[in-house]
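Colleague: Fold the following and give me the result.
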Amino acid sequence: MYRVTLKSLGLLTLGVGLSACSFEPPIHLPASPDKAGYTAAPAPDETAASPGKGGGAQMLDYGKNLHQAWWKLYHSPRLDALVALAMKHNPTLEYARAQLHQAEAVASINASVFYPQVSANLGAQRAKTSVQTGGGKSSSYTYSLFTGGVGVSYYPDIFGVNRLVYKSSEAQVEYQRYQLEAAGLTLSGNVVSAAIGEAAVRAQIDATQQIIQQERKLLELTRTQYHAGSVSELNVINQQAQLASSETLLPPLRQQLAVYRHEMAILVGSYPSEWHDKPFTLEELHLPKHIPVSLPSALVKQRPDVQAAERQIRYAAALVGESRAEFFPTLQLTGSFGYASNATRTLFSPASTVWSLAASLLQPIFEGGRLDAQEREAKAVFDAEFANYRSTVLGAFQQVANALRAVQNDADALAAETTSLDASRQALDLAEYEYRTGATDYLSLLTAEVQYNDAKIAYLKAQAQRYQDTAALLLALGGGWWNQPVKGVPAALSPVAGGQAS
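Modeller: Sure thing, here's the model as predicted:
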């Protein structure tokens, strides 16, 4: 009879537990766009090209997947080493790792409720008691009590509460894993962005110093002509003002370089005073020629932030299921078996055995509206997470669309800046020659000088912007984090190595 009861209870637990999934609201994620592109207007497969560093055409390979860590497309061993160093020592990434380990521990704790809880006890007691006898007299005696036994308690998951609790904690583990991936992706983006920014500012400093050197030569020439009576003193003053104006550009640029240097130190987990690595230059970075652009239908799977947002929906759905399941009874089964004796020599004899079996059923009847309020709260959390998921997906598509247009427009801008720089350089050379020979006035020289200086800085900024926006596109597409070398190990914990790119 006892075995039949346990079997019936097990079947009831299994049947009702399997039906507990009905407590969770259905999850219908919005479908990805059917279109093959990310922008309303068709995007070209190839960008414009221009001569010079970073001016090559870029091929946008639609429908292709990124099969390596995205920063390796820049073909810079020093950049690869720097990203690896940041992945190893960055405190933000360490924090994300710790949060993942914490979520895994919580899931293990919640999983323990599926198993019987077994405990053992062993005790010894020496006591004195008083007993009242007839005639108002009392007597006392001293005794010893030795006990030992095993206790078992179990909560059958009849209505699936335990399963839903574990399911929510499992969703949190996956959420933290994708958060770790997102943190690693963001970190790699920050490192590459800082390296490109450092290289761009370094190039602007070098160009500004060359401009200043050239303007000093023109100042000496103007002074010589003034002393010879060929030009007025106003020309000398104007050239001095132009030189001073160019010199004022250096301190802000040096400040920007210092900021990038300090940022780089923090990203790799060092103090700014300890970072002595030489600055990056644009010469050691290679603009990626082929950019794989995955289809919109694959984007949501490749973005760790989107995957994290989806896990939050599943977490919230489990919370709704938990709140509904709390309206139903909770069953607890307990049992114990052991020994109790006044003497150790008889502790384990058959006559000293003690045991107990118990079952309790707890059914909420009146909670003052607490359970209803908890269910409303859980449903509100579910709705909020669903809205957050839609917002995250839309934001992801916006980032890709913006980056695609930026890559195309940057190429056009660099081509235009290259033409402008070439023209302004020729104009300055001609103006200097004519000024030396007296064929033109100083105003023409000064105008050509200012135009060349502006064109040179604008060209360097456009050059660096191509590198930056290419990185932004690769990051927006997911950065290839899913190509992890060890199954089950987050890519942020073990950065991807290898792979070929052109």
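
Colleague: Could you use CA atoms for every contact and neighbour count after this?
Modeller: OK.

Colleague: what are the ranges of the helices in this protein?
Modeller: Counting by DSSP state H, the chain has helices at residues 2-18, 77-89, 91-111, 161-227, 233-247, 250-267, 296-302, 304-325, 370-437, 442-476.

Colleague: Format the ones you listed as CSV; extra columns: mean pLDDT.
Modeller: Formatted as CSV, the helices of the chain follow (pLDDT from 0 to 100):
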stretch, mean pLDDT
helix 2-18, 41
helix 77-89, 93
helix 91-111, 92
helix 161-227, 92
helix 233-247, 91
helix 250-267, 96
helix 296-302, 89
helix 304-325, 92
helix 370-437, 93
helix 442-476, 91
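
Colleague: Could you say which of these is packed most deeply?
Modeller: Ranked by mean neighbour count, these are led by helix 304-325 with a mean of 24 (mean count of other CA atoms under 10 Å).

Colleague: what angle do that helix and helix 161-227 make?
Modeller: Relative orientation of helix 304-325 versus helix 161-227 (axes from the mean of the first three to the mean of the last three CA atoms, to 10 degrees): 150 degrees.

Colleague: closest to residue 119 out of the helices of the chain?
Modeller: Distance to residue 119, taken as CA to CA, is lowest for helix 91-111 among these, at 16.8 Å.

Colleague: now the angle between helix 250-267 and that closest one, please.
Modeller: 30 degrees.

Colleague: pretty sure residue 140 is touching residue 131, no?
Modeller: Yes. Using CA atoms under 8 Å, residue 140 is in contact with residue 131, at 5.8 Å.

Colleague: list the residues that contact both of these two?
Modeller: Both residue 140 and residue 131 lack any common contact, where contact means CA atoms under 8 Å, 6 or more residues apart in numbering.

Colleague: Distance of residue 357 relative to residue 68?
Modeller: According to CA to CA, to the nearest Å, residue 357 stands 60 Å off from residue 68.

Colleague: wait, what's in contact with the closest residue to residue 458 other than its chain neighbours?
Modeller: Distances taken as CA to CA, 6 or more residues apart in numbering place residue 417 nearest to residue 458, at 6.8 Å, with adjacent residues excluded. Residue 417 makes contact with 455, 458-459, 462 under the criterion CA under 8 Å, 6+ apart.

Colleague: measure residue 417 to residue 469 for me?
Modeller: Distance from residue 417 to residue 469, by CA to CA: 17 Å.

Colleague: re earlier: so residue 357 and residue 68 - more neighbours on which side?
Modeller: A direct count of neighbours by other CA atoms under 10 Å for residue 357 and residue 68 places residue 68 higher, at 21 against 12.

Colleague: Do I have it right that that one meets residue 474?
Modeller: No. If you go by CA under 8 Å, residue 68 and residue 474 don't touch, sitting 11.2 Å apart.

Colleague: what's around residue 269, how many residues?
Modeller: Residue 269 has 18 neighbouring residues, counting by other CA under 10 Å.

Colleague: Give me the nearest residue to it, chain neighbours excluded.
Modeller: Here the residue nearest residue 269, using CA to CA, 6+ apart, is residue 90, at 4.8 Å.

Colleague: check contacts around that neighbour.
Modeller: 266-269 are the contacts of residue 90 under CA under 8 Å, 6+ apart.

Colleague: Kindly report the same for residue 299.
Modeller: 477-478.

Colleague: Could you rerun that using 7 Å?
Modeller: If you count contacts by CA atoms under 7 Å, 6 or more residues apart in numbering, residue 299 has them with residue 477.

Colleague: Relative to residue 72, how far out is residue 287?
Modeller: 11 Å.
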